[in-house]
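S.K.: Output the structure for:
(2 chains)
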Amino acid sequence: MTKPIISIRNVTKRYPGVVAVDDVSFDIMPNEFFALLGPSGCGKTTLLRMIAGLETSGTGDIIVDGQNMEGVPANTRPVNMVFQSYAVFPHMTVRDNVGYGLKVTGVAATDIAPRVEDALEMVQMSAMADRKPDQLSGGQRQRVALARALVKRPKVLLLDEPLSALDAKLREHMQLELARLQQVIGITFIIVTHDQDEALSMADRIAVMEKGGVRQIAGPEELYEKPHSRFVADFIGKINLIDATVSGVSKAGVTCVARGLGTVVVPHDGAASGSISLAVRPEKLTLSAEAPPSDSGISAKGVIRDVAYYGDVSNVFVTCDDGLELAVNVQNDRAAVGLLENGREVYASWHPSDTLILQE
Amino acid sequence: MALPIVIPEICMGVAVLVLYSRVGHWMRGFESGPIHWWNELFSIWPLNLGAITAAHIAFSFPFVAIVVRARLTGFNRELEEASKDLGASEWQTFRNVVLPFMMPGVVAGALLSFTLSLDDFVITFFTAGPETNTFPVKVYSLVRRGVSPDINAASTVLIVITLFATIIAMRMQAPSKTEG
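M.R.: This is a model prediction of the structure:
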C-alpha cells in the first residue's frame, strides 16, 4: 500500500466562540486530485491554510510526506498555494513573479531562468512574460499564480477557490486545464471550493465539510449516488427529500410510509428504523400524462406548479398530495412537448432502486 | 500618535525646551570630563543641531505615519502570505513585497515632512542655540534689522521649494491605477 502524502490527524482549530475545524482526520494519497467542498464558513479554507502553515495555533498533527509540520513555518514547507485573489505581486513582471519563489530561496540565477521559462510554457504564458499584472486578465493572472507555485516543485499544490473570480465560460476551461496540468505534472492537488460542479468534475476524491467537520469522503460518483447523510445529499446536486416512517424491514427492502406516497418498499441493505428521509435525484424522475402501470415503481400524482426552462433541460416543480413537493428534471425532447404547462395534472414516477434511505 | 499634530506648536516648543534643558545640563557634564572625543564630536555636530533634528523628527513623524498607514489599508494580506508561502522570510517579504507597495506613501511622507521641517519656526526657535540656526529662524532675525532684498529672494526660493514638494507629495498619494 502506498504511503499517504498528507496525513491529517485530529486537527482542530478554534477561534473565539467558534470551532473552525473540528477534530478532522483523513489521508491524501500521492498524485491525487483532492477537493475540500462545503458551504462558506465550514472550515475548508482554514484547513487548507493550516496545511500551508499560514494558520497556526491549531491542535493535532499535519504530516506531509512523512514529516510532521508542527512548528515548521510556512516558508519552509514543501507545499505551495494558489490564493483566491491570486496575490500576483503587482510591481513585478510576470517573469519576476514566477521567479520570485526561487530567488528568495537562493536558487542560482542560471537555474532560475530555464525553470521560469518551463513553468510559463506549462501554463501557456510565455508570450506575456514581460507584462505587468495590471495588463493581464483574471484568467491570465490565475495562470501566473499557478506557474509561480508550480515552479517551486512542491509536493502538494494547494488551491484556495481558484476559479471563483472567473466567469462561467473561463471557469469551465480552467477546470479542464487544471485537471490536465495535474495529470502532466503528477503531483497532489488539494482544491478548496464551494462549487459542487467544480469538485465533481475535477477531483478524484472529495471531502464534504460542514461546521468544521468532515461529513463524507468519497469519489464523485459515490458521493452523488450514495450520500451518507441528508446534508451531503442536499449539498451535492439537487435532491428530493421525502419524510417517511419505517414500518418494517424485510429481505426485499425497507417498507415505509412516506408523505404523499403512501406505503412504499425501497431496496436497502443497511439498517433503518424510526423516521427517515427518502432521497431521489430530480433526473431519476419521469413525468407522464397517464398513470404508469402500478408495478413499475413509485409514483405520485400531482399538479405542475412551476417550470424553469434551461434550454436542454427544464426543472419542473410538481405539487402532490399531502403537500409533497417534487422537483423533476425533464429533458426537452419530443416527449416533453405539450406536457410542461403550469397547472397540468401529471404523474411523477421513479424506480424504487433509485431511492436512497437517509437516516436522520 | 495624533498628539503631535493637534498639540499647539508653542506648547510643544516649550515642552521640548524643558526636556532639552534637563538633558543638556546632564550632557554638559561630560564636556569637561575625560572623554575627549565627545568634545570633538560636538565641534563637528553641535548639540543644538542634534536637538533641532530630534524635535523635527518628533513633530513630523505622525504625518508620515498617517500617510503610510493610509497607503497600507489597501494592501492585500494575501500578497504577504503568498510571499511567505513561496519561501521568503519575514524580512524578504517586507523588502520585496510590502516596501514596494508602500513606497508612494513613504516618498509622499518624506516630502511632506521635508516641507514641514523646512517651514517650521516655532519649535526650532525654542530648540535652536547660538551655534546652529535654521533658515526661517535666521530670516526672522534678519527681518528685525529691516527687510533687505536677500530676504525677499530667500523667501521666494523657500515658497517655490515648499510648493513643489507639496505638489509632488499629493501626486504620490493619489490612488495608483496599478492595484494588484
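S.K.: tell me which residues in the helix or strand hosting A:R9 are buried?
M.R.: Assigned by DSSP states H and E, A:R9 belongs to strand A:6-15. Neighbour counts over strand A:6-15 (16 or more other C-beta atoms under 10 Å in any protein chain shown) mark A:6-8, A:11-13 as buried. For the C-beta atoms, the positions are set from N, CA and C on the backbone; glycine is no exception.
S.K.: Same question for stretch A:115-126.
M.R.: A:115-117, A:119-120, A:122-123, A:125-126.
S.K.: coming back round to it: list the neighbouring strands of the following helix or strand past the strand holding A:R9 plus their orientation.
M.R.: Scanning forward in sequence from strand A:6-15 by DSSP H and E, the next helix or strand is strand A:18-28. Applying DSSP bridges, strand A:18-28 is found paired with strand A:6-15 (antiparallel).
S.K.: What lies in contact with the partner strand?
M.R.: By C-beta atoms under 8 Å, 6 or more residues apart in numbering or on different chains, the residues outside strand A:6-15 that reach it are A:19-28, A:43, A:46-47, A:50-51, A:55, A:57-65, A:156, A:188, A:190.
S.K.: Drop the exposed ones from the residues you listed and show what's left.
M.R.: Among these, those classed as buried by 16+ other C-beta under 10 Å are A:20-22, A:24, A:26, A:28, A:43, A:46-47, A:50-51, A:55, A:58, A:60, A:62-65, A:156, A:188, A:190.
S.K.: Give me every residue in the stretch 251-360 of chain A lying close to chain B.
M.R.: Residues of the stretch 251-360 of chain A found near chain B (C-beta under 8 Å from any C-beta of the partner chain): none.
S.K.: In the stretch 251-360 of chain A, which residue sits closest to chain B?
M.R.: Per C-beta to the nearest C-beta, A:Y310 is where the stretch 251-360 of chain A lies closest to chain B, at 35.5 Å.
S.K.: hmm, back to that, now tabulate the buried residues of strand A:6-15 in JSON lines and tack on pLDDT.
M.R.: Listed next are these as JSON lines, based on pLDDT from 0 to 100:
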{"residue": "A:I6", "pLDDT": "89"}
{"residue": "A:S7", "pLDDT": "90"}
{"residue": "A:I8", "pLDDT": "89"}
{"residue": "A:V11", "pLDDT": "90"}
{"residue": "A:T12", "pLDDT": "90"}
{"residue": "A:K13", "pLDDT": "90"}
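S.K.: from these, which single one is nearest A:S275?
M.R.: Of all the buried residues of strand A:6-15, A:S275 sits closest to A:T12, with 31.8 Å by C-beta to C-beta.
S.K.: For A:F231, see how far away the closest one is.
M.R.: 20 Å (C-beta to C-beta, to the nearest Å).
S.K.: now A:F33
M.R.: Distance from A:F33 to A:F231, counting by C-beta to C-beta: 23 Å.
S.K.: who's more crowded, those two?
M.R.: A:F33 (21 against 18; other C-beta atoms under 10 Å in any protein chain shown).
S.K.: my read: that one touches A:A179, true?
M.R.: Yes. Using C-beta atoms under 8 Å, A:F33 makes contact with A:A179 at a distance of 6.9 Å.
S.K.: what about residue 17, how many neighbours?
M.R.: Just going to use chain A. Here the number of neighbours of A:G17 (other C-beta under 10 Å) works out to 5.
S.K.: not quite, I wanted chain B
M.R.: Neighbour tally, B:L17, other C-beta under 10 Å: 17.
S.K.: Leaving aside the residues adjacent along the chain, what's closest to it?
M.R.: B:F126 (4.4 Å; C-beta to C-beta, 6 or more residues apart in numbering or on different chains).
S.K.: What residues does that neighbour make contact with?
M.R.: By C-beta under 8 Å, 6+ apart, the contact set of B:F126 is B:13-14, B:16-17.
S.K.: and of these, the nearest to chain A?
M.R.: Nearest to chain A among the contacts of B:F126, with distances taken as C-beta to the nearest C-beta, is B:V16, at 39.1 Å.
S.K.: quick one: the residue most central in space within chain B and B:T127, what's the gap?
M.R.: Closest residue to the average C-alpha location of chain B: B:I57 at 4.0 Å, with C-alpha atoms, centre = their mean. For B:I57, the distance to B:T127 equals 12 Å [C-beta to C-beta].
S.K.: Wasn't A:F89 part of a strand?
M.R.: No. Counting by DSSP: H, G, I helix; E, B strand; the rest coil, A:F89 is not found in a strand; it is coil.
S.K.: which residues are common contacts for A:F33 and A:A179?
M.R.: Taking C-beta under 8 Å, 6+ apart as the criterion, A:F33 and A:A179 both touch A:M202.
S.K.: And the pLDDT for B:E40?
M.R.: Note for B:E40: predicted pLDDT of 63.
S.K.: Next SSE downstream of the lowest-mean-pLDDT helix or strand in chain B?
M.R.: In chain B, no helix or strand scores lower on mean pLDDT, DSSP states H and E than helix B:36-44, which sits at a mean of 62. Going down the chain from helix B:36-44, the next helix or strand is helix B:47-72, by DSSP H and E.
S.K.: for that next one, which positions count as buried?
M.R.: Under 16+ other C-beta under 10 Å, the buried positions of helix B:47-72 are B:47-52, B:55-56, B:59-60, B:62-64, B:66-68, B:71.
S.K.: Any residues of the stretch 1-150 of chain A in contact with chain B? List them.
M.R.: Within reach of chain B by C-beta under 8 Å from any C-beta, the stretch 1-150 of chain A has these residues: A:52-54, A:73-76, A:80-81, A:83-85, A:87-91, A:100-101, A:104-105, A:132-134, A:145, A:148-149.
S.K.: For ChimeraX, what selects the buried ones among those residues?
M.R.: Selecting only the buried entries of the residues of the stretch 1-150 of chain A next to chain B in ChimeraX, with 16+ other C-beta under 10 Å as the criterion:
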select /A:52,53,54,74,75,80,81,83,84,85,87,88,89,90,91,100,101,104,132,133,145,148,149
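S.K.: how about the helices of the chain, start to end?
M.R.: Looking at chain A here, since you left the chain open. Assigned helices in chain A, in chain order: A:44-52, A:94-103, A:109-122, A:138-150, A:168-185, A:196-202, A:220-225, A:230-235 (criterion: DSSP state H).
S.K.: wrong one, I was asking about chain B
M.R.: B:3-6, B:9-31, B:36-44, B:47-72, B:77-85, B:90-93, B:99-119, B:122-127, B:135-143, B:149-173.
S.K.: Need the contacts of B:F126 in a markdown table (columns: pLDDT and distance to B:R77).
M.R.: Listed next are these as a markdown table, based on pLDDT from 0 to 100; distance: C-beta to C-beta, whole Å:
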| residue | pLDDT | distance to B:R77 |
| --- | --- | --- |
| B:G13 | 85 | 41 |
| B:V14 | 86 | 43 |
| B:V16 | 83 | 38 |
| B:L17 | 83 | 43 |
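S.K.: Just the buried residues of those residues.
M.R.: B:13, B:16-17.
S.K.: Show the contacting residues for A:V123.
M.R.: Residues near A:V123 by C-beta under 8 Å, 6+ apart: A:143-144, A:146-147, A:150, A:181.
S.K.: mind redoing it with 7 Å?
M.R.: Shown in contact with A:V123 (C-beta atoms under 7 Å, 6 or more residues apart in numbering or on different chains): A:143, A:146-147.
S.K.: I am finished for the moment; much appreciated.
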